[in-house]
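Novice: Here's my sequence, what's the structure:
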Amino acid sequence: MAEFFTKKRRQYLYSIALVIVPLLIMYDVLDAQAAPLWLALVAAVLGVAAPVAALMNMSPDPSEYAGQPEFEIEGE
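Specialist: Down below sits the predicted model:
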């Protein structure tokens, strides 16, 4: 699925949403106050592809984390 949501496709789909939402408002299909929420949802869904691809391609190796210094919090 991550291969489908390339940067160009995400840009294209988001630009379509930016055109469709005002039309839906004009034809009273969508409330004007809800439009920013729908656009935020579209942006969130389309923006998920990059982090998902990164997580799917990670190969955790416990030896990478061995011997790492622990963080100290000041004031404790």
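
Novice: these two touch, right, residue 43 and residue 15?
Specialist: No. In this structure residue 43 lies outside contact range of residue 15 using Cβ atoms under 8 Å: 11.5 Å. C-betas here are computed from N, CA, C, even on glycine.

Novice: Compare these two (neighbour count), which wins?
Specialist: residue 43 (14 against 10; other Cβ atoms under 10 Å).

Novice: can you list the weak-confidence ranges in this protein?
Specialist: 1-2, 48-73, 75-76 (pLDDT under 70).

Novice: At which residues are the helices of it located?
Specialist: Applying DSSP state H to the chain gives helices spanning 7-26, 35-47, 49-56, 62-65.

Novice: As a markdown table, those helices with distance to residue 74 would be great.
Specialist: Shown next, in a markdown table, are the helices of the chain (distance: least, Cβ to Cβ, whole Å):
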| stretch | distance to residue 74 |
| --- | --- |
| helix 7-26 | 41 |
| helix 35-47 | 35 |
| helix 49-56 | 31 |
| helix 62-65 | 23 |
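
Novice: got any residues that touch both of residue 43 and residue 15?
Specialist: Common contacts of residue 43 and residue 15 (Cβ atoms under 8 Å, 6 or more residues apart in numbering): none found.

Novice: what's around residue 5, how many residues?
Specialist: 18.
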